[in-house]
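*Asks:* my questions are about this predicted structure, shown below with the sequence.
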Amino acid sequence: MIMKTQFRQILKVMSVALVALAMIGLQSCYKRDYTTVNNTTTFDNSNTVTTSLYGIVQDEAGLPVVAAVVKASGYTTLTDDNGLFFFNNITTPSHATTVVVTKDGYFNGSRTLSVNANDKHTVKISMLAKGTPEVFFANNGGTVNFANGVSLTFPANAIVNKTTGLPYDGQVYVYAKKIDPTTDLGKTSMPGDLRGIASSGIERLLRTFGMMVAELYDINGNPLQIGNNLAATMSLTVPASLQGVAPATMVLWSYDETKGMWIEDGSAVLEGNKYVGKVKHFSFWNCDTPEAAVDLQMTLKDQNGNPLQNYMVKLTNTANLDSRTGYTSATGWVGGLCYSNAVLTLEVYDNNICGFAVPLYSTTITVGAANTNLGIITVNLALVTACDFNATIQDCLGAPITNASVYIAPLNLILTPNALGQISYSLPCTPAAPITLIAYDLTNNVYGSSTYTLVAGTNNIGILNACGNVSPFLTINFTNTVTMASASKTYTLPANSLSCYLQGPATYINASDGLSNLYMGVDGITIGTFNVSAANVSGLGAFTDTIYNLTGINNATFTAFPAFPGDVQGTFSLNFVGVPSGDTYTGVGTFRIPRNN
């Protein structure tokens, strides 16, 4: 599955894997060159920057989640066969960019991070399977229990249809799961990045003592919810390592997927080793103490001045041993909220390839009450490296390329080349299994791969050719047949969004770059020529018409229609009438798009 169809999406998605979660500070040779606001400001996410996000989406076993829908700041893409996605040069909030992943059979995945302008960030999201539901009758109410200490009690006649708000009295199917924030899986499956908005509107760092997710459905899969002014009782077991320091009373927070933030939403009390409280709706719930915080950022470089990308930075509060992590960008930058007025242990690790056994760097820093930039942190990799590797990425013509990305399996590592087309990475261990490097040319939308066995010391891998495999595309030539003015557009993965869904006897194709869009509903699901019964275009060219209505004979020909997740290939010919001019238009083109189902 390493190279299948969705390089396309891989790229669009790639990335992101793991961006600076709640990043926190580093230090060594640091300078405080930025001191502004303290930690009493309200949540403000209005400032935007242009940046890139790469990411990887996996299930609880660490396997790729393929063809998941990924959204960020109005942009949409799909994961590829490696669970990768990529958003290139998107406009997004710098303070809190939120990536949301959806896939049938899973609870939504979500990650919020601070991003740096003109940079490339990575993010990792683990999806939680919904599993087997517990059932009760709405008119009777009842208690449902789940593994690892999640219990929900519903009063009688408290359930409504989530869409209509009408009372519901049938069987209620409850899907729920506990998230243990002390585990690696918990850290990559929890939504947001442990930032919350208190009832006062002040943004706070959150110290979590456990969280859970729950969703309610009727027998037909329609979503249900608790009625207005009603509540269920949640009982959530505190992780064993936190039970000794768990407060007697606790603030409850629910997750706002739109903001990418936890919202203060009630309270709970500690009964034995469980927090018990009332919840008025169902999504993700979190038991956290709100903590004063400041913005902290830094840039990591090696002893030669090269940026350290995709390394984990861990900050631990020495007073309460609460820690959080973030991952460096392509320029070595990482930033986000951390404890204010605190002494923090700052550690740098590889991307969990060596099990976090040995930090590459460690120091202690003191953070005050003002936002702080620690400047450049120099990490001398020569002192701790057991194995390192380097390579140069070239295009099909043999020229080094910088607009590229390299995914390295099974290390789950995503790297971007420097100005010379080079990548490098250092490890405190030597991986036993061979690695596969998949190099993507993001300009020409092609990719190639090679396999290499690492040995102790320096590994000069040589040339990686991002060439040989073509990514998915859709091309349209749109012409006003009255004026003969025309516009052409090619949508490609991962730079743009492409989708191909089957529903009943029809195939629905969509292509978008955020500014323009083409949609087609084709009355066929196999090889052949079929009627296009619905179509729409927008944003193509500089035409004065704003609406295009389908008219006349319209068809699409599928020349290849493999099983999921193969690529559907073909051509199309469409006719439109423009509004308000009444001019006629033709739209012809070709496509190769991976199936979404």
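*Replies:* Alright, I've got the coordinates. Residues are numbered from 1 along each chain as shown.
*Asks:* pLDDT of stretch 60-76, averaged?
*Replies:* Averaging pLDDT along stretch 60-76 yields 88.
*Asks:* which of the residues in it are buried?
*Replies:* Of the residues in stretch 60-76, 64-73, 75-76 count as buried by neighbour count, 16 or more other Cβ atoms under 10 Å. For glycine as for every other residue, the C-beta is placed from the backbone atoms N, C-alpha and C.
*Asks:* swap in stretch 276-289?
*Replies:* The neighbour-count check on stretch 276-289 (16+ other Cβ under 10 Å) flags 276-277, 279-289 as buried.
*Asks:* among the residues you listed, which ones are in strands?
*Replies:* 276-277, 279, 284-289 (DSSP state E).
*Asks:* for the buried residues of stretch 60-76, give me JSON lines that also has distance to Thr153.
*Replies:* Supplementary listing: the buried residues of stretch 60-76 in JSON lines, determined by distance: Cβ to Cβ, whole Å:
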{"residue": "Pro64", "distance to Thr153": "37"}
{"residue": "Val65", "distance to Thr153": "32"}
{"residue": "Val66", "distance to Thr153": "37"}
{"residue": "Ala67", "distance to Thr153": "37"}
{"residue": "Ala68", "distance to Thr153": "33"}
{"residue": "Val69", "distance to Thr153": "33"}
{"residue": "Val70", "distance to Thr153": "35"}
{"residue": "Lys71", "distance to Thr153": "34"}
{"residue": "Ala72", "distance to Thr153": "37"}
{"residue": "Ser73", "distance to Thr153": "38"}
{"residue": "Tyr75", "distance to Thr153": "40"}
{"residue": "Thr76", "distance to Thr153": "38"}
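*Asks:* nearest spatial neighbour of the residue sitting furthest away from the middle of the chain, skipping sequence neighbours?
*Replies:* In the chain, the residue that sits farthest from the middle, by Cα atoms, centre = their mean, is Val482; the gap is 45.1 Å. Computed as Cβ to Cβ, 6 or more residues apart in numbering, the closest residue to Val482 that is not its neighbour in sequence is Asp583, at 4.3 Å.
*Asks:* thought Met484 was touching that neighbour, still the case?
*Replies:* No. With contact defined as Cβ atoms under 8 Å, Asp583 and Met484 do not form a contacting pair (10.5 Å).
*Asks:* pLDDT below threshold where in the protein?
*Replies:* Low-confidence segments of the chain, defined by pLDDT under 70: 1-41, 356, 470, 494-495.
*Asks:* now the ones in strands among the buried residues of stretch 276-289 as JSON lines including distance to Ser450?
*Replies:* Rendered in JSON lines, the data for those read as follows (distance: Cβ to Cβ, whole Å):
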{"residue": "Val276", "distance to Ser450": "55"}
{"residue": "Gly277", "distance to Ser450": "54"}
{"residue": "Val279", "distance to Ser450": "51"}
{"residue": "Phe284", "distance to Ser450": "41"}
{"residue": "Trp285", "distance to Ser450": "46"}
{"residue": "Asn286", "distance to Ser450": "43"}
{"residue": "Cys287", "distance to Ser450": "47"}
{"residue": "Asp288", "distance to Ser450": "45"}
{"residue": "Thr289", "distance to Ser450": "49"}
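*Asks:* between the residues you listed, which is nearest Leu442?
*Replies:* Nearest to Leu442 among these: Phe284, at 33.3 Å, using Cβ to Cβ.
*Asks:* so Asp583 and Met484 - more neighbours on which side?
*Replies:* When Asp583 and Met484 are compared for neighbours, Asp583 comes out ahead with 18 against 7, by other Cβ atoms under 10 Å.
*Asks:* distance of the more buried one relative to Thr79?
*Replies:* Using Cβ to Cβ, to the nearest Å, we find Asp583 at a distance of 40 Å from Thr79.
*Asks:* again, but for Lys274
*Replies:* Computed as Cβ to Cβ, the Lys274 to Thr79 distance reads 36 Å.
*Asks:* the more surrounded of the two?
*Replies:* Comparing Lys274 with Thr79 by other Cβ under 10 Å, the one with more neighbours is Thr79, at 30 against 20.
*Asks:* wait, the more buried one touches Phe85, no?
*Replies:* Yes. Shown here, Thr79 and Phe85 form a contact pair, counting by Cβ under 8 Å, at 5.0 Å.
*Asks:* assumed Ser241 was part of a strand.
*Replies:* No. Assessed with DSSP: H, G, I helix; E, B strand; the rest coil, Ser241 is helix; it does not lie in a strand.
*Asks:* with adjacent residues omitted, what lies nearest to it?
*Replies:* With Cβ to Cβ, 6+ apart as the measure, Thr182 is the residue that lies nearest to Ser241, at 5.4 Å, once sequence neighbours are left out.
*Asks:* summarise which helices and strands the strand of greatest length in the chain is packed against.
*Replies:* Here the longest strand in the chain is taken by residue count, with DSSP E as the criterion, and it is strand 203-217. Other elements packing on strand 203-217 under the criterion 3 or more Cβ pairs under 8 Å, 6 or more residues apart in numbering; DSSP states H and E are strand 150-154, strand 171-179, strand 195-197, strand 223-226, strand 232-237, strand 284-291, strand 293-302, strand 333-339.
*Asks:* sheet partners, orientation included, of the second one?
*Replies:* What that stands for is strand 171-179. Strand partners for strand 171-179, identified by DSSP bridges, are recorded as strand 134-137 (antiparallel), strand 203-217 (antiparallel).
*Asks:* and the closest residue to Ser499 other than its chain neighbours, what does it touch?
*Replies:* Leaving aside its chain neighbours, Ser499 sits nearest to Asn510 (4.8 Å; criterion: Cβ to Cβ, 6+ apart). In this structure, Asn510 makes contact with 497-499, 517-520, judged by Cβ atoms under 8 Å, 6 or more residues apart in numbering.
*Asks:* before we move on, what about Asn139?
*Replies:* Neighbouring residues of Asn139 by Cβ under 8 Å, 6+ apart: 156-157, 169.
*Asks:* same thing with Ser73?
*Replies:* Under the criterion of Cβ under 8 Å, 6+ apart, the neighbours of Ser73 are 90-93, 97-98.
*Asks:* can you report phi and psi for Gly332?
*Replies:* phi 90, psi 10 (degrees, to the nearest 10).
*Asks:* also the one 10 residues further on?
*Replies:* Listed backbone geometry of Ala342 is phi -140, psi 150, with angles given as degrees, to the nearest 10.
*Asks:* relative to Val367, how far out is it?
*Replies:* If you go by Cβ to Cβ, the gap between Ala342 and Val367 works out to 5 Å.
*Asks:* again, but for Cys354
*Replies:* Using Cβ to Cβ, one gets 28 Å for the distance from Cys354 to Val367.
*Asks:* mind giving me the domain ranges of this structure?
*Replies:* Taking automatic domain parsing as the domain assignment, the record places the domains of the chain at 7-21+45-126, 134-291, 294-382, 387-470, 473-594.
*Asks:* so which of those domains is the most packed in?
*Replies:* Stretch with highest mean neighbour count among those: domain 7-21+45-126 (a mean of 24; mean count of other Cβ atoms under 10 Å).
*Asks:* which phi and psi does Leu381 have?
*Replies:* Dihedral angles for Leu381 - degrees, to the nearest 10 - are phi -70, psi -20.
*Asks:* quick check, it in contact with Asp302.
*Replies:* Yes. Counting by Cβ under 8 Å, a contact exists between Leu381 and Asp302, whose distance comes to 5.0 Å.
*Asks:* now the closest residue to Asn116 other than its chain neighbours: how far from Asn310?
*Replies:* Leaving out its chain neighbours, the residue that sits closest to Asn116 by Cβ to Cβ, 6+ apart is Trp333, at 4.5 Å. In this view, Trp333 and Asn310 are 12 Å apart by Cβ to Cβ.
*Asks:* tell me which helix or strand the closest residue in space to Asn477 that isn't next to it in sequence sits in.
*Replies:* What sits nearest to Asn477 in space, not counting adjacent residues and going by Cβ to Cβ, 6+ apart, is Ser488, at 4.9 Å. Here Ser488 is covered by strand 486-492, with elements defined by DSSP states H and E.
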